[in-house]
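Trainee: Give me coordinates for this.
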Amino acid sequence: MCSSAFQKKEIQVVEDRITALIGKRGQLERVVFATQGERARRGGFVASQLLQASPFGEELGCQMNAMGGIVTDPFGRTTVPGVYAAGDALMAVLHQLIIAAAGGSWAAAGVNTDLTEREFL
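Mentor: Numbers count the residues shown, from 1 in each chain. Have a look, this model is predicted:
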């Protein structure tokens with residue numbers, strides 16, 4: 001939604017670094033901004049930015065996607081032979097434990113398939 005749509009609904013958009021959230025018992029009362037002072041508030045919206053905790057994918061030479069995750073095929077194979085990835089390392093849209101576990105299962109199937117083919121084919 002663009003800022004003009006917010007303006008039509010009288011929703012103020014503040015683009016500044018938040019230095020503190022002030023409140024009591026989990027209830028927001030004020031937001032303190034780096035350059036725009038502080039404002040009384042009862043709620044708000046923020047956009048999060050997900051970042052990889054470690055650069056190991058890049059260090060291994062894997063292709064990375066636009067979100068900073070490791071590119072894989074459906075079986076967890078990366079662009080580096082013998083390197084597999086799953087879960088949050090992929091930086092997929094949905095960050096849920098069950099999806100990460102399923103990705104690990106698919107990657108395990110990829111490893112198993114590749115080892116079996118190497119040994120028996």
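
Trainee: Model confidence score at the residue nearest the centre of the chain, please.
Mentor: In the chain, the C-alpha nearest the mean C-alpha coordinate belongs to residue 50, at 3.6 Å (Cα atoms, centre = their mean). Confidence at residue 50, expressed as pLDDT, is 73.

Trainee: what's near enough to touch it?
Mentor: By Cβ atoms under 8 Å, 6 or more residues apart in numbering, the contact set of residue 50 is 67, 68, 91, 95. Yep, even glycine has a C-beta here, placed from its N, CA and C like the rest.

Trainee: mind checking the SS state of it?
Mentor: Following DSSP: H, G, I helix; E, B strand; the rest coil, the label given to residue 50 is coil.

Trainee: quick one, phi/psi of the closest residue in space to residue 65 that isn't next to it in sequence?
Mentor: Residue nearest to residue 65 in three dimensions, not counting chain neighbours: residue 71, with 5.3 Å by Cβ to Cβ, 6 or more residues apart in numbering. In terms of degrees, to the nearest 10, the main-chain angles of residue 71 are phi -80, psi 130.

Trainee: Surely residue 71 and residue 77 touch.
Mentor: No. Counting by Cβ atoms under 8 Å, residue 71 does not reach residue 77; the two are 9.7 Å apart.

Trainee: Looking at those two, which is more packed in?
Mentor: Between residue 71 and residue 77, counted using other Cβ atoms under 10 Å, the more crowded position is residue 77 (19 against 16).

Trainee: and the gap between the nearest residue to that one once chain neighbours are set aside and residue 117?
Mentor: Nearest residue to residue 77, sequence neighbours excluded (Cβ to Cβ, 6+ apart): residue 110, at 5.3 Å. Distance, residue 110 to residue 117, using Cβ to Cβ, to the nearest Å: 11 Å.
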